[in-house]
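> fold the following, please.
(chains A and B)
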Amino acid sequence: MSESVVLKKTPLHSEHVRLGAKMVDFGGWDMPIQYKEGILSEHKIVREDIGIFDVSHMGEINVKGEQALEFCEYLVTNSIKTMKFGEICYTLMCMEDGGIVDDLLVYKIDNKYALLVVNASNVEKDYEWIKKQSENFDVKVENVSDYYAQIALQGPNSEKLIENLCSVVLEDIGFYHFEMGRINGIQAIISRTGYTGEDGFEFYVEKDAAIPLWRKLLELGAKPAGLGSRDLLRFEACYMLYGNEINSDITPLEAGLKWAVDLEKNFVGSKTLVAQKNEGLSRKLRGLEVIEKGGIPRHGNRILTGGEEIGFVTTGNKSPSAGKVVALGYIPSGYKLGDEVDIEIRENKTVKAKVIKTPFYRGSVKSKKK
Amino acid sequence: MKKYTSSHEWVEVDGKIATIGITDHAQEKLGDIVYVDLPAVDTDISKGDTLCSVESVKAASDVFSPVSGTITESNSELDGTPETINSSAEADGWIVRISLSDPSEIDSLLSREEYEKICEEE
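A predicted model of the protein is given here:
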């Protein structure tokens, strides 16, 4: 007898089923990988117009208390004290050995309150990790993932679609900034963030408010988009996916995330990362373009040169926006743009690829306001 | 008349030549197809061998040869427009033609009814 695993459902699950989505197990959640139109159509809609994603599976963790910000400074790699209130930063949590626990967003709400948004598949692990690190701080750590639903509105026309729906002036919200306000009459955190490379917003609302908001956005003309297109969009923009580009065996410096690490401050893993920077990296995440026919590199494919293994592919696909077959993968430091490697796409079958610049595509996302 | 396999290929025989592709059910499962690794003409192939790989945005999927013989033609249209398999899996989206070395192999393939039953049970 096989044991069936009960998958978790977001507050929008019934909406996905109603829309005819193909549902898949994603980190223990029953999520839409695509709707009727398919991944490429959904990808195009987000690049050219507006798509909406249910990202309610993401985890939210409150850090509150006298030392909330001081603790976040110690917990994550990026600088928290240089952020303004109402600002968001992309950052990482590392172990003492520099390996990545997760990547996350920190919302700096006030001097006693930060909201951390973490990956769905890591929520429990992250919550335990954060609680453990907080032992010597005067803070309360609370997993509020079940309280929030999260909807991402993504695409160049996002702002126009909702400008009359929000109580706040969207123009005033810069990239990686947020405001507490109302959308469609519902209390929400309105955040100019996303995972597609396009301009757009993410709304955190109380879970019972999710369906009315979802339906309103569809009614206004946004098209539903699933995790399949989301993965393709984030890949083209070269955003990290935990479990692919980053994991507990990889450090932020190897992943090219030095911009999200403040090596001047003390945080969990900082000693190791400073040492790694001083010694130099042995491998780095690089962009690769396949330059001959034969197939598409996939997660886990080996990267070779002269038949010898030198690295591995973290994600690969045919990029509709870049119009070429591309991959991200770890290879030894020292490879220059244009240098060639072989990717083993199947047993005994390799294709040639060359090192290229990342990201593979730049969308409408606004440049970061400082 | 078309015949089918449980691994979701279709075969249509005209004299000694079999035209082969993947079924509409298979393309539906795979989603958007973005690449077909077409096999070389004149390759000898045995029933059950991997004929080629069809890649969707999600994953690569092997296509198995339902028959034995020699590849006489591959659908080069699929090089530029692999999405033809999505729009017309069982007609314009054919993948290869094979000159049969053992035409009796056709008899053991599935009828439309038998194939549909397998799809329903999946």
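> which residues does the residue nearest the centre of chain B contact?
For chain B, B:Gly21 is the residue whose C-alpha lies nearest the centre (Cα atoms, centre = their mean; 2.5 Å). Applying Cβ atoms under 8 Å, 6 or more residues apart in numbering or on different chains, we find B:Gly21 in contact with B:9-10, B:85, B:89-90, B:93-95. Just so you know, the C-beta spots here come from the backbone N, C-alpha and C atoms, and that holds for glycine as well.
> try A:Lys140
A:62-65.
> how far off centre is stretch A:35-55?
17 Å (Cα atoms, centre = their mean, to the nearest Å).
> buried ones in it, by neighbour count?
A:35, A:37-47, A:49-55 (16 or more other Cβ atoms under 10 Å in any protein chain shown).
> same deal with stretch A:62-69?
In stretch A:62-69, counting by 16+ other Cβ under 10 Å, buried: A:62-65, A:67-69.
> tell me the residues of chain B that contact chain A?
Contact residues, chain B versus chain A (Cβ under 8 Å from any Cβ of the partner chain): B:31-32, B:34-35, B:37, B:53, B:55, B:57-60, B:83, B:86.
> change it to 6 Å
Contact residues (Cβ under 6 Å from any Cβ of the partner chain) of chain B with chain A: B:31-32, B:34-35, B:37, B:55, B:57.
> from these, pick the one nearest A:Ile211.
B:Gly31 (26.7 Å; Cβ to Cβ).
> wait, the closest one sits on B:Ser56?
Yes. Contact criterion Cβ atoms under 6 Å: B:Gly31 and B:Ser56 qualify, at 4.8 Å.
> who has more neighbours out of those two?
A count of neighbours by other Cβ atoms under 10 Å in any protein chain shown puts B:Ser56 above the other of B:Gly31 and B:Ser56, at 25 against 19.
> which parts of the stretch 101-250 of chain A are helices?
With DSSP state H, counting those that start in this stretch as the criterion, the stretch 101-250 of chain A has helices at A:123-133, A:158-162, A:210-220, A:227-236.
> go through the first one and flag the buried ones.
If you call a residue buried by 16+ other Cβ under 10 Å, then helix A:123-133 has these buried ones: A:123, A:126-127, A:129-130, A:133.
> and it, what does it pack onto?
Identification of packing neighbours for helix A:123-133 by 3 or more Cβ pairs under 6 Å, 6 or more residues apart in numbering or on different chains; DSSP states H and E yields strand A:140-143.
> run the last query once more with 8 Å
Here helix A:123-133 touches strand A:59-64, helix A:68-75, strand A:88-94, strand A:100-110, strand A:113-118, strand A:140-143, going by 3 or more Cβ pairs under 8 Å, 6 or more residues apart in numbering or on different chains; DSSP states H and E.
> dump the longest helix belonging to chain B to CSV, restricted to CA.
The single longest helix within chain B, with elements called by DSSP state H, is helix B:112-121. The C-alpha trace of helix B:112-121 is given here as CSV (Å, rounded to 0.1, in the frame of the first residue of the first chain):
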residue,chain,number,x,y,z
ARG,B,112,-7.3,3.7,-31.5
GLU,B,113,-9.8,2.2,-29.0
GLU,B,114,-7.1,0.2,-27.2
TYR,B,115,-4.9,3.3,-27.0
GLU,B,116,-7.6,5.6,-25.7
LYS,B,117,-8.4,3.1,-23.0
ILE,B,118,-4.7,3.3,-21.8
CYS,B,119,-4.9,7.1,-21.8
GLU,B,120,-8.0,7.0,-19.7
GLU,B,121,-6.4,4.7,-17.2
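> what are the contacting residues of it?
Contacts for helix B:112-121 (Cβ under 8 Å, 6+ apart): B:2, B:4-6, B:23, B:25, B:110.
> what about it, average pLDDT?
Averaged across helix B:112-121, the pLDDT comes to 94.
> tell me the buried residues in it?
Result for helix B:112-121 [16+ other Cβ under 10 Å]: buried residues B:115, B:119.
> kindly report the same for stretch B:99-113.
B:99-100, B:105, B:109-110.
> stretch A:73-93 now?
A:73-80, A:83, A:86-93.
> hang on, the earlier thing: okay, and which of the buried residues of stretch B:99-113 map to strands?
B:99-100 (DSSP state E).
> is it correct that the residue nearest to the centre of chain B falls within a strand?
Yes. The assignment for B:Gly21 is a strand, going by DSSP: H, G, I helix; E, B strand; the rest coil.
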